[in-house]
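Chemist: Sharing a model prediction with you, sequence too.
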Amino acid sequence: MMTPALLSAALLLLLLPGAPADKSNQSPIGIHVTNSVTSAPKQTYSTYVAFRGVLLGAMWRLQYSDVGFSFTYSDDANYGPFLVSVNGVSGCSADRTYWELLVERANETIRPDVGIGCYIPSANETIVLNFNKY
């Protein structure tokens, strides 16, 4: 079994700017940040996922590209990464707010049954990170 430190180091090596994925194995995706609570303007970003890569990797890549996108998450032992904040806006249980993950496809918007650590985007999908109330 690999230790968490070894897995983290291997993942960071994959994300380093000096070691990009083969372009033929990259799928472009869009990320829209929306806010249903305050109706703040939508923010739109472009990035890519590696072949069979998860959304979390694309989000890290986007954050490290210095285009003004940032996010934080916490790790839940049972459910994996949980999105806490996007671009400085945090969900709050007292306010009953959270970051909702949606995916826009050709003719539909879906709510994946997995989160940012397991969702595998397809080429040209638009990921919507929507700040919302429950």
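Modeler: In hand now; what should we look at?

Chemist: can you list the weak-confidence ranges in the protein?
Modeler: Where the chain drops to pLDDT under 70, the residues are 1-23.

Chemist: Heading C-terminal from the longest strand anywhere in it, find the next helix or strand.
Modeler: Ranked by residue count, the top strand of the chain under DSSP state E comes out as strand 26-35. Later in the chain than strand 26-35, the nearest helix or strand by DSSP states H and E is strand 43-50.

Chemist: circling back: now the longest strand of the chain and strand 43-50, what's the angle there?
Modeler: If you take axes from the mean of the first three to the mean of the last three CA atoms, to 10 degrees, strand 26-35 sits at 150 degrees to strand 43-50.

Chemist: Can you list the strands that strand 26-35 pairs with?
Modeler: Next to strand 26-35 in the sheet, as set by DSSP bridges, lie strand 43-50 (antiparallel), strand 126-133 (parallel).

Chemist: out of those strands, which comes closest to residue 30?
Modeler: strand 126-133 (4.3 Å; CB to CB). To be clear about C-beta, it is placed using only N, CA and C from the backbone, and glycine gets the same treatment.

Chemist: Buried residues of the closest one, list them for me.
Modeler: Buried residues in strand 126-133, counted by 16 or more other CB atoms under 10 Å: 126-131.

Chemist: again with stretch 90-109
Modeler: Neighbour counts using 16+ other CB under 10 Å place 91, 97-103 of stretch 90-109 among the buried residues.

Chemist: My read is that residue 132 contacts residue 95, right?
Modeler: No. Judged on CB atoms under 8 Å, residue 132 makes no contact with residue 95 at a distance of 11.1 Å.

Chemist: can you put the buried residues of strand 126-133 in JSON lines and add distance to residue 40?
Modeler: As requested, the buried residues of strand 126-133 are exported to JSON lines (distance: CB to CB, whole Å):
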{"residue": "126", "distance to residue 40": "18"}
{"residue": "127", "distance to residue 40": "18"}
{"residue": "128", "distance to residue 40": "14"}
{"residue": "129", "distance to residue 40": "12"}
{"residue": "130", "distance to residue 40": "11"}
{"residue": "131", "distance to residue 40": "8"}
